[in-house]
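Engineer: Compute the structure for the input listed below.
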Amino acid sequence: MSLPGTLVLAAHGSRDPRFASTARRVTDAVRVALPGVRVELSYLDLNEPLIGDVLETLSGEAVVVPLLFGDGFHAKIDLPALIADASAADPALHVRQTPVIGRHSPVPALVDRLRQAGTADEDGVLMIAVGSSDAESDAQIMARGDELAAALGQPVRTVFATRIGRDGAVVREAVESLIAAGSPRVAVSSLFLSAGLLTERVERVVDSIDLPSVVAGPIGAHRTLIDAIVSEYSAAWAVPTGPVPAPA
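Structural biologist: I've put the predicted structure just below:
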């Protein structure tokens, strides 16, 4: 595929070194999928290079693809402001921001990760994701849990790892619900780019419950994710310069 400009991946960032390692693997996979395209990795926080610093090094056309599963504050407020600052500093820089990659269903990747972990048809699934202050973003994540349940034909409960309650009460309630539905074992499904502090926070609560469990890996550089990035980058050239509006 031959498209102009630069593709900038905007990941959230984490203090856990596994996150940056995973983000680099995703970036490498995108470079393979888009030969000839300049692909740069950047972060919104906690890791370097920050998105603003990367944009300062660019000129001409650029497309920013947020490596986010929820369409919350970072995608709607934080990232557009950083792009606006960079564009104001260099009028010759034209940046398009795409919707978050989470608008593409991650369910095929989640199903693959669960199967790779050795889950069984009778398992109940605890899907964990990052919570948001944006109610619409949280609703979109909950809908992904419903889609995962439909794809598996198994019960799925969704928990936000940023809001697990005192002593993990929210996680415990979700697990109890799966047990009540007849699940002999709980499978943890991570709607995360990488394993990290938040995923381990939930896993520790699950481990403390007297019930068999299995933990599936995060999405990482799954082909579904790489295809979503390529799709958003390609689609960005069909719209005028500026942020790509989120789907209604």
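
Engineer: quick one: contacts of the lowest-mean-pLDDT helix or strand in the chain?
Structural biologist: Lowest mean confidence among the helices and strands of the chain (mean pLDDT, DSSP states H and E): helix 73, at a mean of 84. By Cβ atoms under 8 Å, 6 or more residues apart in numbering, the surrounding residues in contact with helix 73 are S132, S133, D134. For every residue, glycine as well, the C-beta is placed using N, CA and C.

Engineer: Double-check that L126 belongs to a strand.
Structural biologist: Yes - the assignment for L126 by DSSP: H, G, I helix; E, B strand; the rest coil puts it in a strand.

Engineer: hmm, back to that, so after the least confident helix or strand of the chain, what's the next helix or strand?
Structural biologist: On the C-terminal side of helix 73, the closest following helix or strand by DSSP states H and E is helix 79-89.

Engineer: What average pLDDT does that next one get?
Structural biologist: For helix 79-89, the mean per-residue pLDDT is 94.

Engineer: From the contact counts, what lies against that helix?
Structural biologist: helix 51-56, strand 60-66, strand 93-97 (3 or more Cβ pairs under 8 Å, 6 or more residues apart in numbering; DSSP states H and E).

Engineer: And stretch 57-77, end to end?
Structural biologist: End-to-end distance of stretch 57-77: 22 Å, with Cα to Cα, to the nearest Å as the criterion.

Engineer: go on, stretch 50-69?
Structural biologist: 19 Å.

Engineer: Identify each buried residue in that stretch, please.
Structural biologist: For stretch 50-69, burial by neighbour count (16 or more other Cβ atoms under 10 Å) applies to 50-51, 54-55, 58, 61-69.

Engineer: What does the pLDDT read for G182?
Structural biologist: Here, the pLDDT recorded for G182 equals 94.

Engineer: Next up, the contacts around it.
Structural biologist: Taking Cβ under 8 Å, 6+ apart as the definition of contact, the neighbours of G182 are E122.

Engineer: gap between it and V65?
Structural biologist: In this view, G182 and V65 are 41 Å apart by Cβ to Cβ, to the nearest Å.

Engineer: same question, L7
Structural biologist: L7 sits 6 Å away from V65, taking Cβ to Cβ as the criterion.

Engineer: where do the contact lists of the two overlap?
Structural biologist: By the contact definition Cβ under 8 Å, 6+ apart, L7 and V65 are jointly contacted by I229, Y233.

Engineer: Break this structure down into its domains, please.
Structural biologist: Domains of the chain are assigned by automatic domain parsing as 6-102+222-236, 107-215.

Engineer: quick revisit: indicate which one of the helices and strands packed on helix 79-89 is closest to A109.
Structural biologist: strand 60-66 (16.5 Å; Cβ to Cβ).

Engineer: Send me that closest one as PDB with only the CA atoms.
Structural biologist: Listed in PDB are the C-alpha atoms of strand 60-66, where the atom choice follows Å, rounded to 0.1, in the frame of the first residue of the first chain:
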ATOM      1  CA  GLY A  60       3.400  17.900   5.800                       C
ATOM      2  CA  GLU A  61       0.700  15.300   6.200                       C
ATOM      3  CA  ALA A  62       0.200  13.100   9.200                       C
ATOM      4  CA  VAL A  63      -2.400  10.700  10.500                       C
ATOM      5  CA  VAL A  64      -2.800  10.000  14.300                       C
ATOM      6  CA  VAL A  65      -4.400   6.700  15.200                       C
ATOM      7  CA  PRO A  66      -5.300   6.400  18.900                       C
END
